[in-house]
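Q: What shape does this take:
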Amino acid sequence: MTVHMSDMAQGAETLQQGAHRQSLEDPQGFWLQHALELVDWDKKPEVAISKTKPDMLHKALWFPDGRLNVCYNAVDRHVENGRGDQVAVIYDSPVTDTVRKYTYNELLREVKIFASVLRRHGVQRGDTVLFYMAMVPQTLIAMLACARLGAIHSVVFGGFAPAELAKRIVDCQPRVVLSNTCGLESKSKVVPYKPLLDKALELAEFRPHATIVLQREQLRVALDPARAEYYWDTELALAAAGADDIACEMVDSNHPLYMLYTSGTTGTPKGIVRPCGPHVVALLYAQRYMYGLQPGETMFTFSDFGWTLGHSYAAYGPLLNGSTTVLFEGKPVGTPDAGQLYRVFSEHRVRVFLCAPTVVVILRRTDPDGLFRAKYDLTHMRGLFLAGERCTPEIHRWWIATISGRKPPAEEALIACGRDVCNVVSDNWWQTESGSPMTGICIGLSADGTKVAPIKYGSAGLMLPGCDLRVIRVKEELDEDVGVDENPEFAERDEVGNIVAKLPLPPGFITTLWKDDQRFYESYFRRYPGYYDTGDTGTIDSDVYVHILSRTDDVIKVAAHRLSTSSIEEVIFNHEEIAECCVVSRPDPIKGRVPMVLAALRFSPPRVPEAQIKRQLVKLARERVGPIVSLYETNVVFVDRLPKTRSGKILRKMIRMMVDAVHERNIAGEQCLVDECPIGTPATIEDLGVKSEIWRTIVDEIRD
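A: Numbering: from 1, shown residues only. Model prediction:
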């Protein structure tokens, strides 16, 4: 069914927008009702939100008088309510030819045993446990075990190199570190985790109370008891006898569930602290009303546990909902073909699927005609959601056509879900900081699917309850130097600007940065008093649909993985031939954005050939940051000097805008004139001549 906005029924608008309006007009009533209906509390909250001083709204607390345990809500209560024999977790690994299913009864037993392991090593409420693990069931089991004890887990993506891992170890000082001997890129490509962890601990000059390692058949290593290293399976055997005595530790609603590092604009990663109670409420609301997932149904989230998406919707969300979650170890193509995701959809009767648009881009490039898709019956699927970066209209249309088998409507049309449409393909927008969607299309508010709000190509959907988003006009004098906009100017509909959220924030949002309240305020609230600065630019159109366009800072999203430019720069500076450098992002047809290095050499001429330096820089970046850095020799550019402000700051945003401008003109088949730069000149630039030099260099270097 296809409709235009002018023809759209009022009901399709008011179901989601009505819930949103109610949440803003009566946040106490709206969220307290859902908290009591969706969550099992040890002590039920009587207050939804406790606001602090007017100038401290960023520290408002949700359900402050409530007490609960997240593990109990995700596992125990479903066993008690008769779902013990239902499948809770499906581990599907084409790289190991393994499919393993855990019922809620089995999951509860495994979680209790590992909680007993942690307790034997002294882990208590408030202690941190750091994970450096692959996408295996033991990772999820250990996360739930931490939640059971009231411990705080911090999962680090296995693709990070030792230097980045070491920073996180130093910051969170874990009592216990959990790892496995290796990760698997494919049946033949093994990533050795244990040697990387050893190097990281050496760099951090830190030794946890215990390191527990899961042996994998693809790489077996000998552990050193003198270094407090323990075999995972041995520890399970020793702890099994006392597992039944491990009860759930009840904690205050705003006790941290986990701490997850995100790349910032400085060399130190930011530890996002997630509160227990508000996060559970937010996840369950999204499960039921946005994703439309019911207890007993299956959700497949294609994400590593090291990212927010994996935490929220591969781990906690489906289990809190009494649903089934699929843990997939493999890639969308090459393990062994481009049909693996479709196989999983069909074989495990997946109802809701969530991934980054990059996954769809890869599938489209490998199987453009959907030949692998044609082998499977997917009529049981209802929702396919995209998150991680903006989904382009072209990719959106291809995914709709491939999944539904129908030609998608024209660009100006809106796609509505009705009884005659079995699949809804929707983009949605959220961040590590939010932990759950801020915008999207709620397919669960309409019981029969006839009143779901239409989907707009290129849009991330409508605002979700609790999210009061605004667009603020960009003021050039605040672009490069940190400033405070005491009197923000709100943009008109369809006008591009910085997207902010009015305080207080919805339940489940970040409550602070790990042991750094001041940085928490400076990073998100100082610039626009009374608002959370999302760090994204975009628009809100005349129909109140939100369009996310790009980041306002220098964090690069490479295939939905956020990388700090400063961490890459730090590596580049380690090369003896480099005098100074900056890293900006460049559009990439597969990964969305990839890093581009502009560097000035120390010697003229350089002591070694430039081509050799480029190869060395790429190798260095892969070793120090990890393979996910996606730095290529063609994106390393040498310049005589870099544009700076009078205070000595490199004008990265201006360079990034130049790169985008050249890319867009090349795509459009238009000629870029070296003497006519379309990018405005920042008021704070030190030397106008440098701007022209950089423009000419970028025009010459970028050949799309």
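Q: How far away from the center of its chain is stretch 240-252?
A: Its chain's C-alpha centre and that of stretch 240-252 lie 31 Å apart, by Cα atoms, centre = their mean, to the nearest Å.
Q: Send me it as PDB with only the CA atoms.
A: Taking Å, rounded to 0.1, in the frame of the first residue of the first chain, the C-alpha atoms of stretch 240-252 are listed here in PDB:
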ATOM      1  CA  ALA A 240      28.800 -25.300  39.500                       C
ATOM      2  CA  ALA A 241      28.200 -26.800  42.900                       C
ATOM      3  CA  GLY A 242      27.400 -23.500  44.500                       C
ATOM      4  CA  ALA A 243      25.600 -21.900  41.600                       C
ATOM      5  CA  ASP A 244      22.000 -22.300  42.900                       C
ATOM      6  CA  ASP A 245      22.900 -20.100  45.800                       C
ATOM      7  CA  ILE A 246      23.600 -17.100  43.600                       C
ATOM      8  CA  ALA A 247      20.600 -14.900  44.000                       C
ATOM      9  CA  CYS A 248      19.900 -11.700  42.200                       C
ATOM     10  CA  GLU A 249      21.400  -8.600  43.800                       C
ATOM     11  CA  MET A 250      18.700  -5.900  43.900                       C
ATOM     12  CA  VAL A 251      20.100  -2.500  43.100                       C
ATOM     13  CA  ASP A 252      18.700   1.000  42.900                       C
END
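Q: what does the average pLDDT come to for it?
A: For stretch 240-252, mean pLDDT is 94.
Q: Would you agree residue 643 is in contact with residue 653?
A: No - Residue 643 is beyond contact range of residue 653, at 10.4 Å (criterion: Cβ atoms under 8 Å). (Glycine included, C-beta is placed from N, CA and C.)
Q: neighbour count winner among these two?
A: The neighbour comparison of residue 643 against residue 653 (other Cβ atoms under 10 Å) goes to residue 643, with 27 against 16.
Q: so how far is residue 233 from that one?
A: 57 Å (Cβ to Cβ, to the nearest Å).
Q: who's in contact with residue 468?
A: 24, 501-502 (Cβ atoms under 8 Å, 6 or more residues apart in numbering).
Q: So which of these belong to helices?
A: Taking DSSP state H as the definition of helices, the contacts of residue 468 contribute residue 24.
Q: Top of the contacts of residue 468 by number of neighbours, please.
A: Most neighbours among these, by other Cβ under 10 Å: residue 501, with 23 neighbours.
Q: which SS class is the closest residue to that residue other than its chain neighbours?
A: Take residue 501 and drop its neighbours on the chain: the residue closest to it by Cβ to Cβ, 6 or more residues apart in numbering is residue 532, 4.4 Å away. Three-state assignment for residue 532 (DSSP: H, G, I helix; E, B strand; the rest coil): strand.
Q: mind listing the helices in the stretch 601-704 of the chain by residue range?
A: Along the stretch 601-704 of the chain, the stretches classed as helices by DSSP state H, counting those that start in this stretch are 610-624, 652-668, 688-701.
Q: Of these, which is nearest residue 541?
A: Comparing the helices of the stretch 601-704 of the chain against residue 541 with Cβ to Cβ, the closest turns out to be helix 652-668 (21.1 Å).
Q: in that closest one, what counts as buried?
A: For helix 652-668, a neighbour-count test (16 or more other Cβ atoms under 10 Å) marks 652-663, 665 as buried.
Q: Can I get stretch 486-505 as PDB, trimmed to CA atoms?
A: Backbone C-alpha positions of stretch 486-505 (Å, rounded to 0.1, in the frame of the first residue of the first chain) are rendered in PDB as follows:
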ATOM      1  CA  GLU A 486      23.200  31.200  25.300                       C
ATOM      2  CA  ASN A 487      20.500  32.300  22.800                       C
ATOM      3  CA  PRO A 488      20.100  29.400  20.300                       C
ATOM      4  CA  GLU A 489      18.200  30.200  17.100                       C
ATOM      5  CA  PHE A 490      15.800  27.500  16.100                       C
ATOM      6  CA  ALA A 491      15.800  26.500  12.400                       C
ATOM      7  CA  GLU A 492      12.700  26.500  10.200                       C
ATOM      8  CA  ARG A 493      11.300  23.300   9.000                       C
ATOM      9  CA  ASP A 494      13.600  21.600   6.400                       C
ATOM     10  CA  GLU A 495      16.500  23.900   7.400                       C
ATOM     11  CA  VAL A 496      19.800  22.100   8.200                       C
ATOM     12  CA  GLY A 497      21.300  22.700  11.600                       C
ATOM     13  CA  ASN A 498      22.600  21.000  14.800                       C
ATOM     14  CA  ILE A 499      20.100  18.500  16.300                       C
ATOM     15  CA  VAL A 500      19.600  18.900  20.000                       C
ATOM     16  CA  ALA A 501      17.200  17.300  22.600                       C
ATOM     17  CA  LYS A 502      15.500  19.400  25.200                       C
ATOM     18  CA  LEU A 503      16.200  18.400  28.800                       C
ATOM     19  CA  PRO A 504      15.300  16.300  30.700                       C
ATOM     20  CA  LEU A 505      16.300  13.300  28.500                       C
END
